[in-house]
Each structure stands twice: as C-alpha cells, then as structure tokens.
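Participant: Sequence plus predicted model, see below.
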4 protein chains.
Amino acid sequence: MRKTLYQHVLDLLDERHVDLTRMAQIAYEGQIAYEPDITLEKCKQAILHVIKKREVQNVILTGIVVDKMVDQGLIPDEYLAKILKEDSWQYQVDELLSTGCVEVFGGVASSNRGYLDKTKPGIIGEVDGRTDSCNVFLDDILAAIISSAESYIANKYPQGVYKEMEGTL
Amino acid sequence: MRKTLYQHVLDLLDERHVDLTRMAQIAYEGQIAYEPDITLEKCKQAILHVIKKREVQNVILTGIVVDKMVDQGLIPDEYLAKILKEDSWQYQVDELLSTGCVEVFGGVASSNRGYLDKTKPGIIGEVDGRTDSCNVFLDDILAAIISSAESYIANKYPQGVYKEMEGTL
Amino acid sequence: MRKTLYQHVLDLLDERHVDLTRMAQIAYEGQIAYEPDITLEKCKQAILHVIKKREVQNVILTGIVVDKMVDQGLIPDEYLAKILKEDSWQYQVDELLSTGCVEVFGGVASSNRGYLDKTKPGIIGEVDGRTDSCNVFLDDILAAIISSAESYIANKYPQGVYKEMEGTL
Amino acid sequence: MRKTLYQHVLDLLDERHVDLTRMAQIAYEGQIAYEPDITLEKCKQAILHVIKKREVQNVILTGIVVDKMVDQGLIPDEYLAKILKEDSWQYQVDELLSTGCVEVFGGVASSNRGYLDKTKPGIIGEVDGRTDSCNVFLDDILAAIISSAESYIANKYPQGVYKEMEGTL
C-alpha cells in the first residue's frame, strides 16, 4: 500500500466532502458548557485521536466503501441494493456499526451519539440530506466519531468526587 | 412472595412517584410525527409491555433499591456512597444498566435513549432534578423504558421498502 | 420482490451451504444439559424464530452479500478487499454486526456467542475453515443466530427464584 | 479519602481473595498461542492497566460492594435479596455490568469474555463455586477484566494485513 489505512480513511472522508473542522465544531458546541477551556483546535485533535483507532478506521472504511458501491450501482443483491437506496431506518446495520465504534470510548459517547443521531446538527444533517449520493453509513459514522471525541475530552480528567478519589487533589 | 416481580417493580416506580402516564406522554411526543395513529393509551400499553420483560424488571429492581439505600444511608462503602450521593456523571454504571435493557428492543431504542438522556423531557428531568432523594439510576431507567417503548411501537410494522419485502404488500 | 426478505435470507444461507439442522444441532448440544425436554426439532424452530427478526435478517443479508462480493472480486477498494480476503481478526466489523443482532435476545446470548466464536463447533468451524470461498461474516453470523436461539429457549420459562416471582408457582 | 479509588478496588479484590497473578495466569494461557513472546509478568501488567480505567473501577466497586451487602444481609428489598442469594442466571445484571466494562477494550474482549464466562477456568471457577460468600458479580467481573487484558495485549500491535496498512512494514 502506498499510504497507511489512517491516511486512506482521511482521504475517503475528504472524498465524501467531510470537513474535519466542521466535525470539530459540533464537538466544540457539545462540550463548551462543561469545559470552558476547550478550543476548536483541541476538538479537532480529539477527532483525529478517535480516527487513529483501528476499530474506528475499520468502520469508516467499510461504511464509506458500501455507500460508494450504492452510488455506482455495484451492489449485486436486489434486496440489499433497494434497502440501501431507500436509506430505510429499519435497516439499522448502519447504527450497529456506529454504536460499535463508540463503545470503545465509554458510556458518555453512547448518549451523545444518540443525541447527535436524532438532532443531526451541522455536517451530520447536511450529509443525511444529500440527494446526489448515498450516505446510509456516513451520517451515523460522523455522529459516532464526534460523540467519541466528546467523550474523550470529557473523560480525560476526573471531575467532582473523582478528583479526590483519583489522587489529583 | 405475595405479589409478582412485575407488580413489585410497578410498586417501586409508584413509590418513587413515577407516573406511567407521564412516561407514556414522552413516548407519544417522540412517535406522533412518525405514527399519526398513535394514542396516549397505546403508548402506555407499550410502556407496560416493556416492563413485562424480565431483563427490564431486573434493572428497575436493582437501580431503585440502590437509589433507596443511598437515601437511607445504607451503602456501607465510603467511596461508593460518596459517588452515588454526588450523582457524578463519571460513574456511568447507571448508564451501563440502562443501555443494557434497551438493547433488547433494537437499534432505534439506543438513539432515542441517548436523546432522552441528553434532553431529559418531562418526568425524566423532574426525577433528575429532585433534591430530596437520590435518583442516580431512576432517570436513566426511565429514559431506557420510554425509548424501548418507542422502538417497540416503531418496529411493530414494516415501513417503506420493508413493507414489500416482508410480504405485507 | 418475488419472495419475502425472510425467504431471501434462507435462500442465501442455503446458497452458502448452511444447513439449518446442523445449526440446530449446536443449539441442542448447548442446551440439553439445562433443558432435558429439548429436542432437535424445537431447536430448529428456535433458529427459525431468530431468523424471523428483521434485525437478524438485515445482518445476514449484509454479511453474506459482502462475503459473496469478495469471492467475485467486486470490492472496489484495495484496502477493504485485502482485509476481507485475509479475514484478519483485527477487522472486527464482522463481530460488531453479529454481537449487534445477539443483543436483541438478552445477556445469555452474549456469553454463548463468545463461547461459540472461540470454540467454533460443527458447521461454524466448517464455514470458518473453508478455503474455496470468503466467509468473513458468515461464521460470526452463525454463532450469533445459534446463541440467540439458545437464549430464546433458555429464557422462555422462569427458573429457580423467578418461578415464584413471576407467579407461575 | 486516604487512598485512591484504584487502590481501594485493589484492596476490595484482595479482601475477596482474588490474586492478580492467578488472573494473569488465565490471560497468559489465553494468549500464549497467539503471542509466543508473552510472559506472566506482562499479563499482570495488562491486568493492572485494565483496572486503571475509571470505567472498570466503577464496575468492580459496585459489584463487590453489592456482593458484600448480600453476605452481611444488608439488602433491604426481599425480592432483590432472594435473587442475589440464589445467584440466578436469569438475573443477568451481573452480565450487563461486566460486558459494559469490556466494551472499552474492543471486539475481541467480548468473545473472550463469553468464553471465560462459559468455561470458568482457574480463579473464575473458584470464585463462582464458593459457598461461604455471595459472588454474583465477582466472577463476571474477573472474566471481564481478564478478557479485556487479553484484548489489550492482542490489539497492541497490528497483525497480518494491518502491519502493512499501519505503516509498520
């Protein structure tokens, strides 16, 4: 391979017009109330930290390649092709994949992922609303990465009672 | 035992001032946009259907009993007592329990649970805000039951492409 | 569609030489110690009950179609094609999909799935060992369906203390 | 607090006669076939690495404190007390807690946890078989920690196709 899998999934995200700064923006807005010191740049670093995980790369790779195959009419099964083209919410395999990579980042990621999946702010809603390409997996993957980044930021330091219990007081 | 476990957890919910109709109200508001035929009564039946599951009863039982023990000062471990009294979000065992009983009801329940956990509408927010009793587990349990009821309603009938594929067309 | 999605996934399993009776055999061997009344026929009915769930059909459909595309050289991404051809255990998306459909059947299914995934008895090991076709997803899917069927059988009736608590005593 | 939460859960494990070296022994036996360079000492370090996670400490703390309350007759609810005393497998809250802390360590941990939960080697089986104390949660927690340590060891370095894709070739 000419480049790493990490670089390859960054290229795939770029090819699907996903701007990492717009992802960081959502994480920033989600965390600013809890972490006044957070910056957009720190959120972008957190997004990249999440994408560095092999589990996350595998999910991004699989989801975007399947989305692209739908666009190109390459899904050879009539049933699967139809389900993916319609982006039916009863398919839910997109959700299985994205909840899967969220679990690596702990419980807060799960609640935030659900919230982002329902409210679809910023780039998530934009991807979900695209009519020129199939994005069954991509919007769920973005919600998963962003919520994982939020969880990474939020869990980095002990808070409240845990400050004392983790010996940082 | 003088009564079934099902009746016992209904009594525990009542003892903690949880009105099932107020739970049904949240499910109703969550589903009315997708299911115009839904009624508050159907939502209440869905809530009861969820509580009839043994997995859900076990989680309600365990969560409320621990909450009550905190109220009564019965937690014999200084660390656990302190964490529960502070209701620290970094504890997350409450979330593990509630996501666990949601999984039985499929992927949609997971997103809805996250959404309810973040936005805390109606009775969920009221329970979360109580200062006269410990409710570490109860608010998460309510979000789990309500989102499971929503998922039960939403998944009952095939929609879109699945109507044709499940032979109902 | 000429047939239901349910019939389609049964056909896909058959096309991949998966005999439902051999799946039932593994469930039978897993449960006979706990349920002396169990029969091979009841286990086969439990397998079919699991496959009737839409969540499970979606996972079978997606997994087998991707496996077949690898066989036919249809995966258009060099990285994903290579990972799937090698059936690397570090891919783990196959495991995400299969744990996902197990969750619908409760906690026992999860332990049994892990056990079947490690020990690979009968048809699971046979599928895993095939060298004439790609079966990245299929062995995990079989472990998921069989463990779900076991959980369905095991949880059907209350046992021990739950007999009394569920009013069946 | 006089000591950190980390030290407190280590003390709780010790109080329940759990020897970390015996836990490491199970991880060693599980991984030696895949990682010829592994040593018992490295496995013990991996066990400690897992226990250093806040998510894991919260689960150990909660599970052992509840187990101890059962021993001391401190569970104030008749139903929960009875279920815990009988250690019914249909309770499954013990499994929810332990699968929860396993998810932080990725997909392999889940399969290994299921395998350890079914086969109960070494200290896990010993804890499960104790008749002088309640250990509803402890055996599941040990299976969770050990499988997480195995996953941590196994995922540390890319293998097969991932070696090339992660730029280590």
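Facilitator: Now that the structure is in, tell me what you want to look at. What you see is a predicted model, and the numbers here were worked out from it, not measured in a lab.
Participant: Name the residues that touch the lowest-mean-pLDDT helix or strand in chain A?
Facilitator: When each helix and strand of chain A is scored by mean pLDDT, DSSP states H and E, helix A:93-102 comes last, with a mean of 86. The contact list for helix A:93-102 (Cβ atoms under 8 Å, 6 or more residues apart in numbering or on different chains) reads A:53, A:55-56, A:58-59, A:62-63, A:109-110, A:113, A:117, A:136-137, A:140-141, A:143-145, A:147-148, A:151, B:107-108, B:110-111, C:58-59, C:62, C:93, C:96-97, C:99-101, D:107. Placement of C-beta: from N, CA and C, glycine included.
Participant: Sort out for me which of those residues are in helices.
Facilitator: Among the contacts of helix A:93-102, the members found in helices (DSSP state H) are A:55-56, A:58-59, A:62-63, A:109-110, A:113, A:117, A:140-141, A:143-145, A:147-148, A:151, B:107-108, B:110-111, C:58-59, C:62, C:93, C:96-97, C:99-101, D:107.
Participant: interface residues of chain A facing chain B?
Facilitator: Residues of chain A lying close to chain B by Cβ under 8 Å from any Cβ of the partner chain are A:79, A:82-83, A:86, A:88-90, A:92, A:95-96, A:99, A:106-108, A:110-115, A:117-119, A:155, A:158-162, A:165.
Participant: Now, of those, which are buried?
Facilitator: Neighbour-count burial (16 or more other Cβ atoms under 10 Å in any protein chain shown) is assigned, among the residues of chain A next to chain B, to A:79, A:82-83, A:86, A:88-90, A:92, A:95-96, A:99, A:106-108, A:110-115, A:117-118, A:155, A:158-159, A:161-162, A:165.
Participant: residues near residue A:23, how many?
Facilitator: For residue A:23, the count of nearby residues is 26 (other Cβ atoms under 10 Å in any protein chain shown).
Participant: Would you check that it makes contact with residue A:48?
Facilitator: No: counting by Cβ atoms under 8 Å, residue A:23 stays clear of residue A:48, with 9.9 Å between them.
Participant: Could you pick out the residues of chain A near chain C for me?
Facilitator: So far as Cβ under 8 Å from any Cβ goes, chain A lies against chain C at A:1, A:5, A:8, A:54-55, A:58-59, A:61-62, A:65-66, A:68-69, A:72, A:74-80, A:82-83, A:90-93, A:96-97, A:99-101.
Participant: what about chain A, any weak spots by pLDDT?
Facilitator: Applying pLDDT under 70 to chain A flags residues A:107, A:168-169.
Participant: do that again at 90, thanks
Facilitator: A:1-2, A:34-36, A:96-110, A:155-157, A:159-160, A:164, A:166-169 (pLDDT under 90).
Participant: Residues of it that sit close to chain D?
Facilitator: So chain A meets chain D at A:1, A:4-6, A:8, A:54-55, A:100, A:103-107, A:155, A:158, A:162, A:164-167 (Cβ under 8 Å from any Cβ).
Participant: List buried members of these by neighbour count.
Facilitator: The neighbour-count test (16+ other Cβ under 10 Å) marks A:4-6, A:8, A:54-55, A:100, A:103-107, A:155, A:158, A:162, A:165-166 as buried among these.
Participant: Strands of chain A, residue ranges please.
Facilitator: Shown for chain A, no strands are assigned by DSSP state E.
Participant: In it, what residue lies closest to chain B?
Facilitator: Going by Cβ to the nearest Cβ, chain B is nearest to residue A:114 of chain A, at 1.7 Å.
Participant: Excluding chain neighbours, give the residue nearest to that residue in space.
Facilitator: Distances taken as Cβ to Cβ, 6 or more residues apart in numbering or on different chains put residue B:114 closest to residue A:114, at 1.7 Å, once the chain neighbours are dropped.
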